[in-house]
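> Okay, predicted coordinates and the sequence, questions at the end:
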Amino acid sequence: MNKTGLNNLIRPLVRELHPYVPGEQPKVKGLLKLNTNENPYPPSPKVIQAVKAAVDGRLRLYPNPSAEGLRARLAKLHRCKTDNIIVGNGSDELLALATRAFVEPAATAANRRQSRSVYRLNRSAARLSSASTIQYFTPSYSLYPVLSSIHGTTQNAVHLNPDFSLPSIGELRRAKLCDFRAALTFITTPNAPGGRGYSTAALNELCHWMRGVVVLDEAYVDFAGEDAMELALKYPHVLVSRTFSKAYSLCFQRVGYFVGHPELIGALHKVRDSYNVNGLGQIAAEAALADPTYYQRNFKTILGTRDQFSAELAQLDFEVLPSQTNFVLTRPPKFDAQVWLKKLRDRKILVRWFSALEVRNYLRITIGTPEEMARFVKAAEAILGAA
Ligand SMILES: Cc1ncc(COP(=O)(O)O)c(C=O)c1O
């Protein structure tokens, strides 16, 4: 069969899909990796020990299908029941499962092309459209629109304020751009790539008015002043998403979880793979939860480094947005952000640049060790000195 013939075997939706583009994972050594918000510190020695101890004949067995041990530990941590928790192959998997469990795909290609603003449609059409709408604030996690495209749903991207703060309910109502009936709304809190933290009071207000499922994506919450876990236990339609990737230095193991009402959690269990979380990942995450002292120390160090680095960048005339995460979003001086991206790459430093209009003038820089950030500052001084 020729190439065109093969192409015809692929669903049109998949043929047209623009997949999520992860940050570069370099194949060469010696690059300073400040581009994917990984934690610069290794997992607790107890985690390494537990994983090593589990590498034996058990590898031939399937892992616990619902990560029961880990869910029990998480339930204790969040003072809820194991039924309130589902564990996933990274929180990304759970975000995808939420689209499958809660959002109707738009029935036809024509539907897929329909207006992004449901308020332009008449009321009953709008209601139908809300059932297949995935809503998210923009800029935020660039995976959400991709998940929507994969599932063939309508997207409603609601703009954050120009300083990336959350619009109030009054502002959302006046702008008529938020669909309070959207089947699924993702809210990244603290926000990425902006870094801004949102108050639980503001999130509470939003959740109160939303009629569909709301996922509060708290991937970076351990670096923030506040968390909104209480909302997942207060509102039946609210789920909180967490990950072991960032704060717990376990990107490699792929473990994330959702907390929420047993009925929604049960629906997610129905659509997941039978053994969705690998056994070593379950063991690593459990061991991580058993060593909070180690991680609290790391969180503190990262926050200290973030504040010092932000101050040093500001001295070099970078505009630095306030961050409650393990990264900063910054508008660099003198050259365009994309030029900086290349100049830094030439000096073996990787950072992240996004082409979206609201953030294309910024760089997202992950907080590494103090030594790594000093290397960045030195490179930035050299780039500015050579200008
Ligand atoms: C906002 C946000 N949510 C979720 C994730 C995914 O985390 P995980 O590694 O658990 O899939 C990321 C990863 O970068 C993220 O930035």
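Yep, that arrived.

> who's in contact with Gln25?
By CB atoms under 8 Å, 6 or more residues apart in numbering, the contact list for Gln25 reads Thr36. Where you see a C-beta, it was placed from the backbone N, CA and C, and this is true even at glycine.

> Now Leu166: closest residue in space, sequence neighbours ignored.
Ranked by CB to CB, 6 or more residues apart in numbering and with sequence neighbours excluded, the top spatial neighbour of Leu166 is Tyr198, at 5.1 Å.

> quick one: secondary structure of the one you found?
Under DSSP: H, G, I helix; E, B strand; the rest coil, Tyr198 falls in the coil class.

> now Leu17
Going by three-state DSSP: Leu17 is coil.

> and it, what is it in contact with?
146, 149-150.

> Please repeat the previous calculation with a cut-off of 7 Å.
Contact partners of Leu17, counting by CB atoms under 7 Å, 6 or more residues apart in numbering, are 149-150.

> same deal with Leu31?
Counting by CB under 7 Å, 6+ apart, Leu31 has contacts 348, 350.

> For the closest residue to Ala106 other than its chain neighbours, what are phi and psi?
Excluding its sequence neighbours, the residue lying closest to Ala106 (CB to CB, 6+ apart) is Ser132, at 4.5 Å. Main-chain dihedrals, Ser132, degrees, to the nearest 10: phi -120, psi 30.

> Surely Ser132 touches Thr99?
No: Ser132 is beyond contact range of Thr99, at 10.3 Å (criterion: CB atoms under 7 Å).

> Now the common contact residues for the two.
Thr153.

> And for the closest residue to Tyr144 other than its chain neighbours, the neighbour number?
Excluding its sequence neighbours, the residue lying closest to Tyr144 (CB to CB, 6+ apart) is Tyr136, at 4.2 Å. By other CB atoms under 10 Å, the residues close to Tyr136 number 25.

> Give me the secondary structure label for Tyr136.
Tyr136 ends up strand, using three-state DSSP.

> Tell me the predicted confidence for it.
Predicted confidence (pLDDT) for Tyr136: 98.

> Identify the residues contacting it.
144, 157, 185-186.

> gap between it and the ligand?
10 Å (CB to the nearest ligand atom, to the nearest Å).

> in this structure, what spans have low per-residue confidence?
Within the chain, the ranges that satisfy pLDDT under 70 run 107-128.

> what domains does the record give for it?
22-42+293-385, 45-290 (automatic domain parsing).

> Of all those, which one is nearest Val14?
domain 45-290 (8.1 Å; CB to CB).

> start to end distance for the closest one?
11 Å (CA to CA, to the nearest Å).

> count of neighbours near the closest residue to the ligand within the stretch 1-150 of the chain?
The ligand sits closest to Gly90 of the stretch 1-150 of the chain, with a gap of 2.8 Å, by CB to the nearest ligand atom. Burial of Gly90 is recorded as 22 neighbouring residues (other CB under 10 Å).

> do the same with Tyr62
9.

> All the helices of the stretch 1-150 of the chain, residue numbers only.
Along the stretch 1-150 of the chain, counting by DSSP state H, counting those that start in this stretch, helices occupy 3-8, 12-15, 45-54, 68-77, 91-102, 109-112, 123-131, 143-151.

> Residue numbers of this structure in contact with the ligand?
Where the chain comes near the ligand, counting by CB under 6 Å from any ligand atom, the residues are 37, 90-92, 141, 188, 192, 217, 219, 243, 245, 251, 256.

> and the residue nearest to Ala106, what does it touch?
103-106, 153-154, 183 are the contacts of Ser132 under CB under 7 Å, 6+ apart.

> again, only this time at 8 Å
103-106, 111, 153-154, 183.

> again, but for Val259
Counted by CB under 8 Å, 6+ apart, Val259 has contacts 74, 78, 80, 84-85, 229, 232-233, 239-240, 242, 265.

> beta partners for it?
Beta bridges link Val259 to Ile85, Val240, judged by DSSP bridges.

> mind checking how far it is from Lys81?
Note on Val259: its distance to Lys81, by CB to CB, to the nearest Å, is 10 Å.
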